[in-house]
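Participant: Turn this into a model:
(2 chains)
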Amino acid sequence: MNGSSGVAKVRSCLAAIKPDIDLDAVSDDTPLLKERVITSFDVLDLILHLERVSGQSINRAQLVPGSFRDIETIARVFLSAEVNE
Amino acid sequence: MSQIDFDQLLAKLSAVSEEEFIDPGRLEWPAEVDPNAWYFTPELISLYGSDIWESLDDRQRKRLSLAEAVNFFSLNIHGEKYLISEISRRLYIGEESELSRYLLHFVDEEARHMMYFAGFCRRYAEKIYPDHTVHGEDSGDAELDMFLLFARINVFEEIVDHYNRIMAKDERLAPIAREINRIHHFEELRHLNFGRNFLRHCLDRHIDDWDEVRRQELRNHLSSYLKFVWKQYYNPETYQDAGIDEAFEVWRVAANSPSAVQHRNEVNQKRLSYLRKLQLLEAA
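Facilitator: Sure, this is the predicted structure:
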């Protein structure tokens, strides 16, 4: 599993929770919360999808706004075990 | 509401909190779960009325009712943890001593609520479902942030109280589940009274400061928060613990079933209409 695969998985999670977003217009480093692509209230759904695709429970210490800064960051913080495989 | 009226209300609420103290240590805990008992009112279970619900037998439904009770108490624990931390850092700032006096009771009561919610979850499920909340950052406007904090608390508590009120009277429930809902409802009535009056008091003070753009932001924020609160009532881990197959897929569709949508609309209508009248929530 490599980093780009992690990014693709994050994109698939975002597509599942926000089907109305045009993800082609969102780059991997677009600030998601700042640009209001998602709000902190969307994170609950996103976490459950990330847990599903990673097969692991999220570490609660990672649940801070900075962990959801952009797609690359989410992949690194939450799917890094896969990246390192 | 004038400052004098608001201070009088706070003094009254503080006096009642001091007189009507509920000790969670007096609860009598059964040694184990009764598999034949309901722990959550069936009609309030998140899957009630769905195709999945219809496919479950009585024993499975009762198992799900226990998991839903643990989820309900868990989300209360996490909500109370957050509000205790947020309220505590606002205590004894400035001149509003009557407000701080009451908020100290508020915090004390919330801490005791967590004792019995956690007592139930630990004893009968050996777990508290994890918190999935990521809290946004403050706006930098202290008064606005305080207002939004209590507006969110009020939305959260109105929905919780709807459930508490029904389950406190539901004789189908195991006595311990009924009692926890009853005592929580009893104390939350004061918090709800405070919350509604605090919001009105803040609006009276700031109605001229907050222009339409800001008010629309408030409405958007609270409307999004309301959706978020409801999402917490649908938990794939709950379905998994109840032994339901394909729990994640069940979760993905549970909140969109016609019966679930109707249920949320009815509760919102019943408990949150006053927030719409204050123009703090989008029209239904």
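Participant: quick one: low-confidence parts of the stretch 151-284 of chain B?
Facilitator: B:283-284 (pLDDT under 70).
Participant: mind listing what residue 74 touches?
Facilitator: Unless you meant another one, I'm taking chain A. By CB atoms under 8 Å, 6 or more residues apart in numbering or on different chains, A:I74 lies in contact with A:V10, A:L32, A:L46, A:L50, A:S67, A:F68. Backbone N, C-alpha and C define where each C-beta goes, glycine included.
Participant: that's the wrong chain, I wanted chain B
Facilitator: Shown in contact with B:S74 (CB under 8 Å, 6+ apart): B:F117, B:C121, B:I128, B:Y129, B:P130.
Participant: biggest separation within the residues you listed, which pair?
Facilitator: B:F117 and B:P130 (14.5 Å; CB to CB).
Participant: Return the distance of B:S74 relative to chain A.
Facilitator: According to CB to the nearest CB, to the nearest Å, B:S74 and chain A sit 13 Å apart.
Participant: And B:L275, by the same measure?
Facilitator: 17 Å.
Participant: tell me the secondary structure for the spatially closest residue to that residue that is not a sequence neighbour?
Facilitator: Nearest non-adjacent residue to B:L275, counting by CB to CB, 6 or more residues apart in numbering or on different chains: B:L281, 4.6 Å away. Recorded secondary structure, B:L281: coil (DSSP: H, G, I helix; E, B strand; the rest coil).
Participant: Can you tell me which residues in the stretch 151-284 of chain B are near chain A?
Facilitator: Applying CB under 8 Å from any CB of the partner chain, one finds that the stretch 151-284 of chain B approaches chain A through B:S224, B:Y225, B:K227, B:F228, B:K231, B:Q232, B:P236, B:F248, B:W251.
Participant: What is the neighbour count of the last one?
Facilitator: So the one you mean is B:W251. Applying other CB atoms under 10 Å in any protein chain shown, we find 23 other residues in the vicinity of B:W251.
Participant: Just want to check the distance between it and B:R172.
Facilitator: To B:R172, B:W251 is 25 Å away according to CB to CB, to the nearest Å.
Participant: same deal with the first one?
Facilitator: Between B:S224 and B:R172 the distance, using CB to CB, works out to 35 Å.
Participant: Equivalent analysis for the second one, please.
Facilitator: Going from B:Y225 to B:R172 by CB to CB gives 32 Å.
Participant: If you count surrounding residues, which of the two has more?
Facilitator: Neighbours were counted for B:Y225 and for B:R172 using other CB under 10 Å; B:Y225 has more, 20 against 15.
Participant: my guess is the more buried one contacts A:S40, does it?
Facilitator: No. Between B:Y225 and A:S40 there is no contact under CB atoms under 8 Å: 9.4 Å.
Participant: Run through the residues that contact A:D70.
Facilitator: A:D70 neighbours (CB under 8 Å, 6+ apart): A:D28, A:D29, A:T30, A:P31, A:L32.
Participant: and what of B:R219?
Facilitator: B:Q279, B:L280, B:L281, B:E282.
Participant: picking up where we left off before, which two in the contacts of A:D70 are spaced the farthest apart?
Facilitator: The distance between the two most remote of the contacts of A:D70 (CB to CB) is 11.2 Å, for A:D28 and A:P31.
Participant: more crowded one of these two?
Facilitator: Remark: of A:D28 and A:P31, A:D28 carries more neighbours, 15 against 12, as counted by other CB under 10 Å.
Participant: And that one, how far from A:P65?
Facilitator: Computed with CB to CB, the distance linking A:D28 and A:P65 is 18 Å.
Participant: What count of nearby residues applies to whatever residue of the stretch 151-284 of chain B ends up closest to chain A?
Facilitator: Across the stretch 151-284 of chain B, no residue is closer to chain A than B:F228, which sits at 3.7 Å (CB to the nearest CB). Look at B:F228: counted by other CB under 10 Å, it has 21 neighbours.
Participant: Check which residues of the longest helix anywhere in chain A are buried.
Facilitator: Assignment by DSSP state H gives helix A:3-17 as the longest helix of chain A. In terms of neighbour count (16 or more other CB atoms under 10 Å in any protein chain shown), helix A:3-17 has its buried residues at A:G3, A:G6, A:V7, A:K9, A:V10, A:R11, A:C13, A:L14, A:I17.
Participant: With respect to chain B, which of the residues you listed is nearest?
Facilitator: The nearest one, if we look at the buried residues of helix A:3-17 relative to chain B and count by CB to the nearest CB, is A:I17, at 10.1 Å.
Participant: Would you list the phi and psi of the closest residue to chain B within chain A?
Facilitator: Using CB to the nearest CB, A:F41 is the residue of chain A that sits closest to chain B, at 3.7 Å. Backbone torsions of A:F41, given as degrees, to the nearest 10, read phi -80, psi -20.
Participant: Quick check: it vs A:K18, distance?
Facilitator: 12 Å.
Participant: How about B:V253?
Facilitator: From B:V253 to A:K18 the distance is 17 Å (CB to CB).
Participant: What ranges does the stretch 51-200 of chain B have for its helices?
Facilitator: Using DSSP state H, counting those that start in this stretch, the helices assigned to the stretch 51-200 of chain B run over residues B:51-55, B:58-88, B:97-125, B:142-168, B:175-206.
Participant: Can you mark which positions in the shortest one are buried?
Facilitator: In this case it means helix B:51-55. B:I52, B:W53.
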